[in-house]
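> Need coordinates for the below:
(one chain, ligands or ions: 1)
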Amino acid sequence: MAAPTPPRRRVLLGLASFLLKPSLTEAQEPSLTWSPEKIEIGSPVLFILTTPHADKVAGTWQKHTLEFFQSLADPNHWYALAGIDVGKDSGSYEVSVEVTRAGEIQTLRRTLQVTEAPYKEIPLTVPEKFVQPDPKALERIAAEQKLKARVFATTAPKPLWTGRFLPPLKSAPSTDSFGTRRVFNGSLASVHRGLDYRAKTGTPVMAANSGRVLLARPFYYEGNCVILDHGLGLATIYMHLSDFSVKEGERVQRGQVIARSGATGRATGPHLHLTVRWQGESLDPAKLFLLKLPTTGT
Ligand SMILES: [Zn+2]
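This is a model prediction of the structure:
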């Protein structure tokens, strides 16, 4: 990414207020970068704003609010961990960031090119009750969706994660990976919004990062399920568990064993399904593991 060109008007304003306020020279103009550089549908995106003397940094990205937090190691760096849903179209997406410095607000706008990812189509067979749930099951599914929406809204106002996210299992991911278009029992198509790991029932499952247990209970599709909040709208969801060892509301550390894998809910056999969710957008866990992330002091 090229360094942003400072708008001329901004420089003039800066000069005009030179005598009254600390000077903000051209070298100190805010710059916005992101990681990874190449963004595909379903990618997480770490936005990095570099600016001295900022009092506040906020932004928007695809109608979501970006909540930036300040780096512990270098107060000139601000971060927001976000992403783009696997179901979105490829194309140009604008990010807009407002920086408040010495009482003045400056807006940075950049365009990100989001490309298609090569997701495959896979036919699957599951018990019919998961393709055509009966009215009672539909009622249960609707109640579970409401509950999940309610708890996702209680996300912590700061990052609970710190450093890189780690795979929840030591084994390699299976072939039914993130983003595949799945045809259940020859009829229903859906996008696979997580990453599956082949794992025998009873395999220990670890927290991908530090966080708080939002939910740990059985669900219709997810089976026994643990949802961890990592703060600022980011969650990891562990499905089809045989068993879990954490309680709702409990704080967990990265790498802590939180559950055992299984085959509960809509599963074709024993495996672990991991979903990464940011403000409702489903992100590729494998891409999140590759992101180099700062420590946050959590
Ligand atoms: Zn899955």
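
> How about the contacts made by the closest residue to the ion within the stretch 1-150 of the chain?
Closest residue of the stretch 1-150 of the chain to the ion, Cβ to the ion: Leu124 (9.8 Å). (Glycine included, C-beta is placed from N, CA and C.) Leu124 sits next to Asp176, Arg182, Val183, Phe184, Asn185, Thr268 when contact means Cβ atoms under 8 Å, 6 or more residues apart in numbering.

> Quickly check those residues for the two that are furthest apart.
Based on Cβ to Cβ, the longest span within the contacts of Leu124 runs between Asp176 and Asn185 and measures 15.6 Å.

> Name the residue in those two with the higher neighbour count.
For the pair Asp176 and Asn185, the greater number of neighbours falls to Asp176 (19 against 14), based on other Cβ atoms under 10 Å.

> Need the pLDDT of the residue lying closest to Tyr119 once chain neighbours are set aside.
Nearest residue to Tyr119 in three dimensions, chain neighbours excluded: Gly179, at 3.7 Å (Cβ to Cβ, 6 or more residues apart in numbering). We have a pLDDT of 89 for Gly179.

> looking at this, Val97 is in a helix?
No - counting by DSSP: H, G, I helix; E, B strand; the rest coil, Val97 is not part of a helix but strand.

> Look up the residues forming beta bridges with the closest residue to it other than its chain neighbours.
Nearest residue to Val97 in three dimensions, chain neighbours excluded: Gly59, at 3.8 Å (Cβ to Cβ, 6+ apart). Beta-bridge pairing of Gly59 under DSSP bridges involves Leu66, Val97.

> Isn't Gly59 up against Val95?
Yes - the pair Gly59 / Val95 is scored as a contact, 6.3 Å apart, by Cβ atoms under 8 Å.

> who's more crowded, these two?
Gly59 (23 against 20).

> Next up, the contacts around that one.
Contact analysis of Gly59 by Cβ under 8 Å, 6+ apart lists Phe47, Thr65, Leu66, Phe68, Ala80, Val95, Ser96, Val97, Glu98.

> tally of neighbours for the third one?
In other words, Leu66. Leu66 has 25 nearby residues by other Cβ under 10 Å.

> one step back: want to try TSV for the contacts of Leu124, with distance to Leu293, pLDDT and secondary structure as columns?
Shown next, in TSV, are the contacts of Leu124 (distance: Cβ to Cβ, whole Å; pLDDT from 0 to 100; DSSP: H, G, I helix; E, B strand; the rest coil):
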residue	distance to Leu293	pLDDT	secondary structure
Asp176	27	58	coil
Arg182	30	77	strand
Val183	35	77	strand
Phe184	35	72	strand
Asn185	40	71	coil
Thr268	33	84	coil
